[in-house]
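S.K.: After the sequence you'll find the predicted model.
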Amino acid sequence: GDSVTQMEGPVTLSEEAFLTINCTYTATGYPSLFWYVQYPGEGLQLLLKATKADDKGSNKGFEATYRKETTSFHLEKGSVQVSDSAVYFCALILSNFGNEKLTFGTGTRLTIIP
Amino acid sequence: ETGVTQSPTHLIKTRGQQVTLRCSSQSGHNTVSWYQQALGQGPQFIFQYYREEENGRGNFPPRFSGLQFPNYSSELNVNALELDDSALYLCASSLAGRGGYEQYFGPGTRLTVT
């Protein structure tokens, strides 16, 4: 079945460090890919997305590129801030109208130290 | 634009009881999906509703059921509660058929079964 594998956490970085959170996927078709972020005590917020190979999603300084050849969608940010501390989820949807379910990874907890 | 809202915020129930959780979709959205997020895990797809009919279901037993109303709001019902049903229940709304498949999440309902 379809699945998403994320880098194990937790990840702890100093402020202004470079961030990479790895994500790879397995899917029977051509999925759309997403990163969601969950702040403590809250629901999930859509961070960025990419709908086809070689697309780059970006938002709030975060970027991720849809790599079909490596089935990956790694999340990167050049300089993290304390406010980026949260749990990050990689997810996919297969382009199948009528059953658009998100399949999530297990999440990566990120803590940024001042 | 009104976001996705859920009620109640927290709920404590006893094993064997029944519970109803509610969700109001984001304005303009016609599809509602429900997810279960156990502690420390990624959300798991329960089911999706489109035009008041179930439109896809994950690996959850029939005691998990739902409704969607003409105004696109939704309910999740769980009968015969078990301890393992303790989780954060997330509702997400989207616009079916829209390229990109973004789903927007509510803050969740934290259910504790004792």
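M.R.: Arrived safely, thanks for sending.

S.K.: buried residues in stretch A:34-49?
M.R.: A:34, A:35, A:36, A:37, A:38, A:43, A:44, A:46, A:47, A:48, A:49 (16 or more other CB atoms under 10 Å in any protein chain shown). All C-beta spots, glycine's among them, are computed from the backbone N, C-alpha and C.

S.K.: next one: stretch A:12-30 to chain centre, how far?
M.R.: Chain-centre distance of stretch A:12-30: 6 Å, with CA atoms, centre = their mean, to the nearest Å.

S.K.: Now that stretch: average pLDDT?
M.R.: What stretch A:12-30 shows for mean pLDDT is 94.

S.K.: That stretch vs chain B: in contact?
M.R.: No - judged by CB under 8 Å from any CB of the partner chain, stretch A:12-30 and chain B are separated, with a smallest distance of 11.5 Å.

S.K.: Equivalent analysis for stretch A:67-80, please.
M.R.: No - shown here: stretch A:67-80 not in contact with chain B (CB under 8 Å from any CB), separated by at least 14.6 Å.

S.K.: Span of that stretch from start to end?
M.R.: Using CA to CA, to the nearest Å, the end-to-end distance of stretch A:67-80 comes to 23 Å.

S.K.: Next: stretch B:60-73.
M.R.: Start-to-end, stretch B:60-73 (CA to CA) is 21 Å.

S.K.: Mind listing residues that contact that stretch?
M.R.: Residues outside stretch B:60-73 that contact it (CB atoms under 8 Å, 6 or more residues apart in numbering or on different chains) are B:22-25, B:29-32, B:34, B:36, B:46-47, B:49-54, B:74-80, B:93.

S.K.: Stretch A:58-77 too?
M.R.: Contacts for stretch A:58-77 (CB under 8 Å, 6+ apart): A:18-27, A:33, A:35, A:47-48, A:50-57, A:78-79, A:84, A:88, A:90.
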